[in-house]
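Participant: Here's a sequence, model it:
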Amino acid sequence: MSPKGVTHINQAPSARPSLPTGTPKVSVIVPTLNEAENLPIVFGMLPEGLHEVIVVDGRSTDDTIEVAKRVRPDVKIVLEERPGKGWALATGFAAATGDILVMLDCDGSADPAEIERYIQPLIEGADFAKGSRFLPGGGSSDITPLRRAGNAVLCGITNHWFDTSYSDLCYGYNAFWKHCLPAMDVDCAGFEVETLINIRIAKAGLKIAEVPSFEFDRIHGDSNLHVVKDGIRVLRTLLKERFMKDTRRSSTATLGSVATHSDQALAA
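Facilitator: Numbering: from 1, shown residues only. Below is the predicted model of the structure:
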């Protein structure tokens with residue numbers, strides 16, 4: 001397999017037990033914005049044995065933070081001033097202390113029981129475990145024909161420009177070793193963050209494994225995703241990563257910058 005190749009890992013859906021004994025420390029990063037109704041359901045499905053769960057809240061106007069603390073007293077809460085999923089994830093990554101970091105949406109679309117499925121290829125040698133709705137064993141009850149078509153086009157461009165073989169590009173359920181963070185150097189605001197991460201991981205020559213994942217409908221509330229607007233943001237990210245000179249700062253400087261923009265973690 002070439003350094004930028006993608007191993008497609010097909011496994012049966014996992015059950016919901018505790019993580020196996022000896023599993024590396026796993027930090028779960030959960031961006032939230034008014035997800036008080038969804039948190040009890042999603043947190044109730046998290047496997048036992050996690051090192052930490054970090055909620056990065058984008059200034060919710062409901063009782064998201066209070067619910068998170070009540071449902072999971074050991075939760076780490078970090079407040080993010082800047083709007084957007086990209087900044088929330090960057091802040092959560094900077095706050096994580098685990099060996100493996102998991103990106104998990106809190107709207108109920110991602111099944112926390114799949115976390116063990118993501119961890120396995122990392123233990124077996126992959127640097128980055130990337131979820132795919134389009135592998136056997138994966139799927140989606142939420143994706144629209146327009147989103148599916150847009151994802152296919154953008155995924156095709158990415159594979160052509162960056163020598164990858166991704167089956168899914170715009171999906172936010174991923175897990176990776178913490179040593180991947182300097183390669184990601186997340187410096188974007190919105191839903192284009194998944195594309196940015198996928199491209200930079202590939203450009204760094206890290207070992208990627210795709211795993212099948214099923215995307216469910218959002219449980220409560222409305223999605224913040226805007227198909228056309230966010231699709232344009234993804235395309236701009238592709239163009240920037242393909243044609244613009246890389247002038248990003250060092251990973252140390254970037255993570256330091258992220259820390260200055262986030263509030264101190266609140267006591268659970």
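
Participant: buried residues in stretch 50-69?
Facilitator: 50-58, 60, 64-65, 67-69 (16 or more other Cβ atoms under 10 Å). Glycine gets a C-beta too; all of them are placed from N, C-alpha and C.

Participant: Can you show me the helices along the stretch 101-250 of the chain?
Facilitator: 115-123, 145-162, 181-184, 193-203, 227-243 (DSSP state H, counting those that start in this stretch).

Participant: Identify, out of the ones you listed, the most deeply packed stretch.
Facilitator: helix 193-203 (a mean of 23; mean count of other Cβ atoms under 10 Å).

Participant: burial count for the closest residue in space to Tyr173 that isn't next to it in sequence?
Facilitator: Distance criterion Cβ to Cβ, 6 or more residues apart in numbering; nearest residue to Tyr173, sequence neighbours excluded, is Gly131 at 3.8 Å. By other Cβ atoms under 10 Å, the residues close to Gly131 number 24.

Participant: Quick check: next helix or strand after the strand or helix carrying Val28?
Facilitator: Using DSSP states H and E, Val28 sits in strand 26-32. Later in the chain than strand 26-32, the nearest helix or strand by DSSP H and E is helix 39-44.

Participant: so which of the helices of the stretch 101-250 of the chain gets nearest Ser213?
Facilitator: helix 115-123 (7.8 Å; Cβ to Cβ).

Participant: related to what we said a few turns ago, could the helices of the stretch 101-250 of the chain be laid out in TSV, adding distance to Gly172 and mean pLDDT?
Facilitator: Listed next are these as TSV, based on distance: least, Cβ to Cβ, whole Å; pLDDT from 0 to 100:
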stretch	distance to Gly172	mean pLDDT
helix 115-123	12	96
helix 145-162	12	89
helix 181-184	13	96
helix 193-203	5	95
helix 227-243	12	80
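
Participant: want to try JSON lines for those, with distance to Asp107 as columns?
Facilitator: Below are the helices of the stretch 101-250 of the chain laid out as JSON lines (distance: least, Cβ to Cβ, whole Å):
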{"stretch": "helix 115-123", "distance to Asp107": "16"}
{"stretch": "helix 145-162", "distance to Asp107": "15"}
{"stretch": "helix 181-184", "distance to Asp107": "23"}
{"stretch": "helix 193-203", "distance to Asp107": "15"}
{"stretch": "helix 227-243", "distance to Asp107": "15"}
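
Participant: Which among those is found nearest to Thr97?
Facilitator: Using Cβ to Cβ, these put helix 181-184 closest to Thr97, at 12.3 Å.

Participant: spatially speaking, which residue is in the middle of this protein?
Facilitator: With distances taken as Cα atoms, centre = their mean, Met103 lies nearest the centre of the chain, 3.2 Å away.

Participant: I figured that residue hits Tyr171, correct?
Facilitator: No: the criterion here is Cβ atoms under 8 Å, and Met103 misses it with Tyr171 at 9.9 Å.

Participant: Can you get me a residue count around Ala90?
Facilitator: Count around Ala90 with other Cβ under 10 Å applied: 30.

Participant: Going by secondary structure, it is in what exactly?
Facilitator: Using DSSP H and E, Ala90 falls in helix 85-95.

Participant: show me where pLDDT drops low in the stretch 1-150 of the chain?
Facilitator: 1-17 (pLDDT under 70).

Participant: quick one: the residue nearest to the centre of the chain from Phe176, how far?
Facilitator: According to Cβ to Cβ, to the nearest Å, Met103 stands 8 Å off from Phe176.

Participant: ok, now Ser213?
Facilitator: Ser213 is 15 Å from Phe176, where distance means Cβ to Cβ.

Participant: next one: Leu101
Facilitator: Taking Cβ to Cβ, one finds Leu101 at 6 Å from Phe176.

Participant: And for Phe243?
Facilitator: For Phe243 relative to Phe176 (Cβ to Cβ), the value is 26 Å.

Participant: Leaving out the residues flanking it, which one is nearest to Ala183?
Facilitator: Ala204 (3.7 Å).

Participant: right, I mislabeled it, should have said Thr158
Facilitator: Leu169 (5.6 Å).

Participant: State the number of residues packed around the one you found.
Facilitator: Leu169 has 25 nearby residues by other Cβ under 10 Å.

Participant: Alright, calling it a day.
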